[in-house]
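Trainee: Give me a model of this one.
(one chain, ligands or ions: 2)
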Amino acid sequence: MSEATKKTQREFFTTRTVAEALAGFRPDHRAPVETVPLAEALHRVPAADIPSPHALPGFVKSTVDGYAVRAADTYGSSDGLPSYLDLLGAVRMGAAPEVTVRPGGCAAMPTGGVLPDGADAVVMVEYTAETMPGTIEVTRPVAPGGGLVRADEDVAAGAPLVPAGRPLRAPDLGLLAAAGVTSVAVHARPRVAIISTGDEVVPPATVELSAGQVRDATASALAGLVADAGGEPVIAGIVGDEPGALKDRLTEVLADADLVVVSAGSSVGARDETAGAVAAVGAVWCHGLAIKPGKPTLLADCGGIPLIGLPGNPLSALVVFGQVGVPLLWRLSGCETPPPVPSTRAQLSRDLASAAGRLDVVQVRLWDGVAEPVFGPSALLSVLTRADGYLVVPEPATGLDAGTEVEVMLYR
Ligand SMILES: Nc1nc2c(c(=O)[nH]1)N[C@H]1C(S)=C(S)[C@@H](COP(=O)(O)OP(=O)(O)OC[C@H]3O[C@@H](n4cnc5c(N)ncnc54)[C@H](O)[C@@H]3O)O[C@H]1N2
Ligand code: MOO
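Mentor: Ligands and ions are numbered 1, 2, ... in the order given. Now for the predicted structure:
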């Protein structure tokens, strides 16, 4: 056993908390920046604020169907004492007004039309009547600016259309399009190399299994989590337990990955080579995380590129990747605070025990506002597929009582 392996195996007994890992494990690599068309920009993270080339909407715009007026001409108007205005013309959609509104006059106005010169408000058609051809009766006053948006009310020229560091949402794409911005500089989807380890692990397409063999479940599931968090999964194969093989594979994938994920072999058993191999290609930040399930987790910084060594049990691997890998992935994409996960409040059906200082991730089923824990060993992946979501027992807590209102993060 190498010196490095001995050292990292001892570190297993000085685990870090998940909170410490989220705050303190911060390799400085970021996915490169690329320019993509709007149609490919959903959920991508702008590398810098994107300023508006001009004001939006760019003209004083009516928000109602009605008549453009001088507000002062409508003061005191009521059903009993209407104002009467001369109809001077009509504004057409998508065209500059050909009419100017003088005192005592008005112009017919569609929603979205350009306010004509002289007018400072639009009165809704519901509060008017054309009592005689060419004369409009107004029965409600309107204040200056009423029925309008200002030329820069959506976005001022030069102000950010969308901020750096937040994944683009559908309305962001609309605002960019409205401003004529049709391509954006965003971080590339982080490439996540996924390596499975273990002599017993065989490709999923293997038809007949020999005794003790298992099909690689973890890589496919991790690829799903990676894609969900905006990354590009790169399934980098299965590495057996022969000495040196993992180190060689790690060296290869590090040349072309933004994040490396290795599953299994990170515990303290005789064949657990991961810590030694990782120590040969990077600096191990922790070996052992105070999380249940998932304690045999390893984090390393490989020249700025983060590497996560996940527990072998697929359930534990997925739980840890959700808690630690997904936030890392968002940071690689340029987003420091991951977008919130949809959640719901529910009443816990039974007591849950936990150790203080350890984060417990508990799978739950939900019905009628009740969260029922799904228990089972982390060797069983079906515990996850049967759950509707999960709750966490926070690090300081020693457990949760039945009936406690808990927040359940929902799977979709
Ligand atoms: N003495 C101790 N033994 C164990 C501890 C401990 O603290 N002290 N922790 C246990 C926990 S918790 C877990 S989790 C496992 C994790 O160990 P490894 O990360 O070294 O993983 P393996 O032993 O290689 O595998 C565990 C289990 O998962 C299966 N596996 C592995 N990879 C895959 C895959 N890609 N797809 C499907 N299944 C996979 C593997 O065959 C094993 O059955 O250690 C405990 N022991
Ligand atoms: O924590 Mo192990 O990672 O329970 O299955």
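Trainee: Return the distance of the helix or strand hosting I194 from the chain's centre.
Mentor: With secondary structure defined by DSSP states H and E, I194 is part of strand 191-197. Offset of strand 191-197 from its chain centre (Cα atoms, centre = their mean, to the nearest Å): 22 Å.
Trainee: Give me the average confidence score over it.
Mentor: On average, the pLDDT along strand 191-197 is 98.
Trainee: Against which helices or strands is that strand packed?
Mentor: In terms of contacts (3 or more Cβ pairs under 8 Å, 6 or more residues apart in numbering; DSSP states H and E), strand 191-197 is packed against helix 218-228, strand 232-239, helix 245-254, strand 259-263. Just so you know, the C-beta spots here come from the backbone N, C-alpha and C atoms, and that holds for glycine as well.
Trainee: Dump the third one to PDB, restricted to CA.
Mentor: The C-alpha atoms that make up helix 245-254 are tabulated as PDB, following Å, rounded to 0.1, in the frame of the first residue of the first chain:
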ATOM      1  CA  ALA A 245      -6.000   0.900 -13.700                       C
ATOM      2  CA  LEU A 246      -8.000   3.600 -12.000                       C
ATOM      3  CA  LYS A 247      -5.200   6.000 -11.800                       C
ATOM      4  CA  ASP A 248      -4.500   5.600 -15.600                       C
ATOM      5  CA  ARG A 249      -8.200   6.100 -16.400                       C
ATOM      6  CA  LEU A 250      -8.500   9.200 -14.100                       C
ATOM      7  CA  THR A 251      -5.500  10.700 -15.900                       C
ATOM      8  CA  GLU A 252      -7.200  10.200 -19.300                       C
ATOM      9  CA  VAL A 253     -10.600  11.600 -18.300                       C
ATOM     10  CA  LEU A 254      -9.100  14.600 -16.400                       C
END
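Trainee: Which residue ranges of the stretch 51-200 of the chain form strands?
Mentor: Remark: strands assigned in the stretch 51-200 of the chain by DSSP state E, counting those that start in this stretch are 61-62, 66-69, 83-90, 105-109, 121-124, 128-132, 135-138, 148-149, 160-162, 183-187, 191-197.
Trainee: Is it possible to get JSON lines of these that adds mean neighbour count and distance to V364?
Mentor: What follows is these, written out as JSON lines (neighbours: other Cβ atoms under 10 Å; distance: least, Cβ to Cβ, whole Å):
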{"stretch": "strand 61-62", "mean neighbour count": "22", "distance to V364": "49"}
{"stretch": "strand 66-69", "mean neighbour count": "30", "distance to V364": "54"}
{"stretch": "strand 83-90", "mean neighbour count": "18", "distance to V364": "61"}
{"stretch": "strand 105-109", "mean neighbour count": "26", "distance to V364": "56"}
{"stretch": "strand 121-124", "mean neighbour count": "25", "distance to V364": "51"}
{"stretch": "strand 128-132", "mean neighbour count": "14", "distance to V364": "58"}
{"stretch": "strand 135-138", "mean neighbour count": "19", "distance to V364": "60"}
{"stretch": "strand 148-149", "mean neighbour count": "19", "distance to V364": "46"}
{"stretch": "strand 160-162", "mean neighbour count": "20", "distance to V364": "36"}
{"stretch": "strand 183-187", "mean neighbour count": "20", "distance to V364": "34"}
{"stretch": "strand 191-197", "mean neighbour count": "26", "distance to V364": "27"}
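Trainee: out of those, which comes closest to V341?
Mentor: Smallest distance to V341 across the strands of the stretch 51-200 of the chain (Cβ to Cβ): 18.9 Å, for strand 191-197.
Trainee: Now the terminal residues of stretch 366-383, how far apart.
Mentor: For stretch 366-383, the first and last residues are 14 Å from each other (Cα to Cα, to the nearest Å).
Trainee: Which of the residues in it are classified as buried?
Mentor: For stretch 366-383, a neighbour-count test (16 or more other Cβ atoms under 10 Å) marks A371, E372, P373, V374, S378, L381, V383 as buried.
Trainee: can you check stretch 232-250 too?
Mentor: For stretch 232-250, a neighbour-count test (16+ other Cβ under 10 Å) marks P233, V234, I235, A236, I238, V239, D241, L246, K247, R249, L250 as buried.
Trainee: quick one: the helices in the stretch 251-400 of the chain?
Mentor: Counting by DSSP state H, counting those that start in this stretch, the stretch 251-400 of the chain has helices at residues 274-281, 314-320, 326-332, 382-385.
Trainee: Give me the angle between the first one and strand 232-239.
Mentor: Spelled out, it's helix 274-281. Counting by axes from the mean of the first three to the mean of the last three Cα atoms, to 10 degrees, helix 274-281 lies at 120 degrees to strand 232-239.
Trainee: Give me the helix or strand of this protein that scores worst on average pLDDT.
Mentor: In the chain, no helix or strand scores lower on mean pLDDT, DSSP states H and E than helix 3-11, which sits at a mean of 47.
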